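[1] Structure for the following, please:
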Amino acid sequence: METFESAEAADNWNFRVLFDFSMGRIDSRAAIQSLGLDGEEDLFMLMAQARLPMPRLPLEQTQAMVDMLQGLPRG
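    Now for the predicted structure:
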């Protein structure tokens, strides 16, 4: 199993793209294009093989959701 550090030392660009996708730094379209994949199914298969967690929402999007929920009227 490859770790981020070993992938970086080996200059494994594919792992870096998967890691960035996992951390929410790039979206699925960018990851699919960078890796030359056919679609999201292939991307998620690579994520599972790399044993990386599924992507997180970008912090800005998460905060916008929190702000929206906090703005809802309380019953």
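[2] got a list of contacts for the longest helix along the chain?
    Looking across the chain with DSSP state H, the single longest helix is helix 59-70. For helix 59-70, contacts defined as Cβ atoms under 8 Å, 6 or more residues apart in numbering pick out G24, R56, L57. C-beta here means a position set from N, CA and C on the backbone, and glycine is covered the same way.
[3] From the residues you listed, which land in helices?
    Using DSSP H, none of the contacts of helix 59-70 sit in helices.
[4] Out of those residues, who's the most crowded?
    G24 (15 neighbours; other Cβ atoms under 10 Å).
[5] So what's the model's average confidence on the longest helix of the chain?
    Mean pLDDT, helix 59-70: 92.
[6] Check the offset of it from the chain's centre.
    18 Å (Cα atoms, centre = their mean, to the nearest Å).
[7] Distance to L46 for the contacts of helix 59-70 - can I get that in CSV?
    CSV is the format used below for the contacts of helix 59-70 (distance: Cβ to Cβ, whole Å):
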residue, distance to L46
G24, 17
R56, 17
L57, 20
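[8] of the residues you listed, closest to L43?
    The closest of the contacts of helix 59-70 to L43 turns out to be G24 (Cβ to Cβ; 14.0 Å).
[9] Next up, the contacts around the closest one.
    P55, R56, L57, P58, L59.
[10] how many other residues sit next to the first one?
    Counted with other Cβ under 10 Å, the neighbours of P55 add up to 20.
[11] now do the fourth one
    Neighbouring residues of P58 were enumerated by other Cβ under 10 Å; the total is 14.
[12] who's in contact with it?
    By Cβ under 8 Å, 6+ apart, the contact list for P58 reads G24, R25.
[13] same thing with the second one?
    For R56, the contacting residues are S22, M23, G24, T62, by Cβ under 8 Å, 6+ apart.
[14] For it, give me the backbone phi and psi.
    The phi/psi pair for R56 (degrees, to the nearest 10) reads phi -100, psi 150.
[15] again, but for the fourth one
    The phi and psi values for P58, taken as degrees, to the nearest 10, are phi -60, psi 150.
[16] That one and D67, how far apart?
    Going from P58 to D67 by Cβ to Cβ, to the nearest Å gives 14 Å.
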